[in-house]
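1. here's my sequence, what's the structure:
(chains A and B)
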Amino acid sequence: MSFLSPSQPQSVARPSSESHQPQSVVRTTPSSEPHIVDFGVPFLGRRRDTGSATLSPQLQTTEHSSIVEDSGLAINNISGTSGTAEAPSLETYIEKGTAHVSTTAYPSACSSLPVGVGSRHGHSRARRQWRKLLYIKQDYPDDYVDDTFLMELQKNTNVRMYNYSTIVMQTSVVTQHISSIMVFIAVFINLYSSALTGQLLLWCSSISTVLGFILWDLLNMYLRTPEQRIIRLKLIKGAVLFALLLFGLSPILRTLTEDTSSDTIWAMTVIFFCVNLAFHDYSTGNPTNIRFPGSVSLNAAILASVLLASQLDQLDSNLSVFAFLAFALEWFGLFPIFRRYLKRISAAASMAMAVLLALIAAVMFMFISRAVALLHLFGTLFITFVCPLWLIWVQRYKNEIHGPWDEARPIVHRYYNY
Amino acid sequence: MTKSLSICMVSDFFYPAMGGVESHLYNNSQCLMQRGHKVVIITHAHGNRRGVRYLAGGLKVYYIPALIVYSNASLPTFFCTFPIFRQIFIREQVDIVHGHQAFSTFCHEAILHARSMGLKTVFTDHSLLGFGDASGIFINKLLKFTLSDVHHAICVSHTSKENTVLRAALEPQQVSVIPNAIIAEQFEPDPGARDPSWITIVVLSRLVYRKGIDLLVAAVPRICKQYPRVRFLIGGDGPKRIDLEQMREQHLLQDRVELLGSVKAADVRRVLVRGDIFLNTSLTEAFCIAIVEAAACGLLVVSTKVGGVPEVLPRYMITFAVPEEDEVVGALGVAIGRVGTRDAHPELSPMHFHGQVKKMYSWHNVAERTERVYFKIADAEEPPLIERFRKYYGCGLVAGKLFCLVAAVDFLIGVVLAWLWPKEQIEIARQFNNDRYRMEISNKSE
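-> Numbers count the residues shown, from 1 in each chain, chains lettered A, B, ... in the order given. Predicted coordinates for the structure are as follows:
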């Protein structure tokens, strides 16, 4: 559309029709709205004093008197031309040659236009400038398009210019998560093919969890989080309870999908891991609470793990199922929290973690499928180095439109606490 | 230009439902009929109200049975309404089909079918829509489809025009701005109704997020604390009412804040005249008829500066605030200060406000301007079918082809319908005898 192009001639400094007019009435406010003083702004400054702000003295003396005079004239003019006071038609004014007088508006809107003069010189003068108002009748057709049309249109006001190295660093959250899912799947495959025993997995995951817990505890001590002792006790109690519950449930979980074909399970697992990937909370960095999109992600991952666990069919499968599910909870519930802390502490550490996870995933998959391992490595490289470039490049196609029609966002300060 | 036209207004939103579109349709139709045109209205059946009804002045309304899906809009069926719309258009010898409101399915379908039948079409947009959210994107695409082949569009404010032109990719010359209006006689000030010992701030709106009730909730306790003589009168209902009640409890303002619940249209004036200041906190508004009604009742208006609101009233009647808590409180403070000065200045008196608003907005004026649009397009030449397809095709990479398909199928259905029920066999509706109606009415009143 041509009127959207930036080369659109903007209405600057139109020849003001007012300058041609014989100045028979002195105007004190040469604003675009000639009638009384603009009440909006000047009073805001002194609203606190009494609560009964008065009209400005300037207005009361000069302006006011001229308004009253003019309003008398203008009202006479209205009744003189149209005959009826109600809804005088636009044509009436045009025919009588007083079209430039915005008759129905507030009378003083024509304070600069002496009525008699207006009717005589009406045709020889440029039309009164169009104004973006509805309450005055204007000498323009309803479908008139002014040069100011779409002047308030703002394009791409919220566009951020990205810095390549920053985005590269920030991709670590995504690659970390993808790698962690890959590691998880690799662990399952090893367990499934009995290359890994449930006992070993249980030991490894428990030890790393305890280590992580101690780290987290030390960090909180360092940050002097209040009531650390109570939280610590609560957490340990919860962990023991959870482990016992899971241990008791694992025989049931093992036989949960006995009647379902393995193919169905694999397909569903893939879907749920995709959901996990899509809804994972990459952005907030909130280490404690898991809120809406994040909770969907966690649930999907746990569901996928339960489905996978029910496929484990080994000698000591009850222990395997327990070990696998405990690992799943730690891996999808606690490990992201650890990663968020890491990211908060240092971006470099987060990057190192991303590299480490990607390598672990690749090495584990080397023994399962070389193609997947390579795909994973290249995928990670693509996300880390090519996608940021891509993001910066597509910014040029950004076309965001804002204007006065947008729904405003109310700003409330909550001085009072509800 | 005294040609009489037959106009068919179509919208999902009509009486007995209440709202801005509904009253616009009714009042505009009445005034158009007074100007010698024939007007029929098509809307969906509202509960028991179905079939053909006559409203005051012989305004004929077709209530067509339809499934209502969401907030009073009917289920989009694309082609299913064609047979009945065609029958009505032919029966009533319609020249111009005038659809109202972008959310109305009936409006879109009627315009599509009317175009397939080669009738002239006008569309009026009553609200603003952003470009960011999903519903906006969907409605805008639909609007692009309908409006790409409409003869003329009407918007209620200049801001609304800019919005519509952007949304539907129209030529701005093809869009007219015709504001809403009020029946000023129904909003006469009544100086005796207000309580002189208080300064009363009136709020009348649906209590929903879009009306900025959060701002209201934040501003009321601050104003009450700052100005001990101020009280609030809040009319309307909605999900945000709980927030207001909570605020009232919290700050012990039961005697200062009166919640009226929903207010009937007939009682609006009775509430308004009790106040000194009218507060509107809307976050988006194409025209805002409420502030015009309030000004007509002689109230000073305080409003958020959103959408088309700055175009509606002159600055001496209204105080603006950006939608921010401090600003709203500040603007209310200004208005409270001005209440005391009103007696000294005749141009700030309620009666003067009323007289001015009466001159600014009247339905007769709206009807006259709408008529001008009708006359302008009435003689426009019908472009060939291929031209219509060209317009639809330009709507988008995928959507364009889809729209072409829909339009083509609709055209073919039109051909089939013309063969099934030839135009000549459809009975023409009898003209409403307006003179006799008037005579009967006057006889009855005697």
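
2. can you name the residue of chain B nearest to chain A?
-> Nearest residue of chain B to chain A (C-beta to the nearest C-beta) works out as B:Gly337 at 3.2 Å. For glycine as for every other residue, the C-beta is placed from the backbone atoms N, C-alpha and C.

3. any chance you could map the strands in the stretch 101-250 of chain A?
-> Along the stretch 101-250 of chain A, the segments classed as strands by DSSP state E, counting those that start in this stretch run A:154-155.

4. likewise the stretch 301-446 of chain B?
-> Using DSSP E, counting those that start in this stretch, strands in the stretch 301-446 of chain B cover B:318-321.

5. one more: the stretch 301-418 of chain A?
-> Here the stretch 301-418 of chain A has its strands, by DSSP E, counting those that start in this stretch, at A:401-402.

6. all helices of it, in order?
-> Ranges of helices in the stretch 301-418 of chain A, per DSSP state H, counting those that start in this stretch, are A:317-329, A:335-345, A:347-366, A:370-381, A:387-394.

7. so for chain B, which of these sits nearest?
-> Across the helices of the stretch 301-418 of chain A, closest to chain B is helix A:387-394 (C-beta to the nearest C-beta), at 17.4 Å.

8. got the CA coordinates for the closest one in CSV?
-> Coordinates of each C-alpha in helix A:387-394 appear next as CSV, following Å, rounded to 0.1, in the frame of the first residue of the first chain:
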residue,chain,number,x,y,z
CYS,A,387,20.1,-20.1,14.1
PRO,A,388,21.3,-16.8,15.8
LEU,A,389,22.4,-15.6,12.4
TRP,A,390,19.1,-16.6,10.9
LEU,A,391,17.2,-14.7,13.7
ILE,A,392,19.2,-11.6,13.0
TRP,A,393,18.6,-11.9,9.3
VAL,A,394,14.8,-12.3,9.6
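
9. could you list the residues in contact with it?
-> Outside of helix A:387-394, the residues within contact range by C-beta atoms under 8 Å, 6 or more residues apart in numbering or on different chains are A:162, A:164, A:167-168, A:171.

10. now do the buried residues in that helix.
-> Using 16 or more other C-beta atoms under 10 Å in any protein chain shown as the test for burial, helix A:387-394 gives A:Pro388.

11. and if you look at stretch B:335-342?
-> Within stretch B:335-342, the residues that qualify as buried are B:335-339, B:342, counting by 16+ other C-beta under 10 Å.

12. send the alpha carbons of it over as PDB?
-> Listed in PDB are the C-alpha atoms of stretch B:335-342, where the atom choice follows Å, rounded to 0.1, in the frame of the first residue of the first chain:
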ATOM      1  CA  ALA B 335     -12.300  17.700  37.000                       C
ATOM      2  CA  ILE B 336     -13.300  17.900  40.700                       C
ATOM      3  CA  GLY B 337     -11.700  21.300  40.800                       C
ATOM      4  CA  ARG B 338     -13.700  22.400  37.800                       C
ATOM      5  CA  VAL B 339     -17.000  21.300  39.300                       C
ATOM      6  CA  GLY B 340     -16.900  24.300  41.700                       C
ATOM      7  CA  THR B 341     -16.200  26.800  38.900                       C
ATOM      8  CA  ARG B 342     -19.100  25.700  36.800                       C
END
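
13. circling back to that earlier point, most widely separated two among the buried residues of stretch B:335-342?
-> Distance extremes for those: the farthest pair is B:Ile336 and B:Arg342 at 11.5 Å, using C-beta to C-beta.

14. now the buried residues of stretch B:335-342 in a markdown table, with pLDDT?
-> As requested, the buried residues of stretch B:335-342 are arranged in a markdown table below (pLDDT from 0 to 100):
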| residue | pLDDT |
| --- | --- |
| B:Ala335 | 94 |
| B:Ile336 | 94 |
| B:Gly337 | 92 |
| B:Arg338 | 92 |
| B:Val339 | 91 |
| B:Arg342 | 87 |
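
15. let me see the domain layout of the chain.
-> As the question left the chain open, I've gone with chain A. As assigned by automatic domain parsing, chain A contains the domains A:15-151, A:164-402.

16. try again with chain B
-> Here the domain parsing of chain B from automatic domain parsing is B:6-181+B:363-431, B:185-360.
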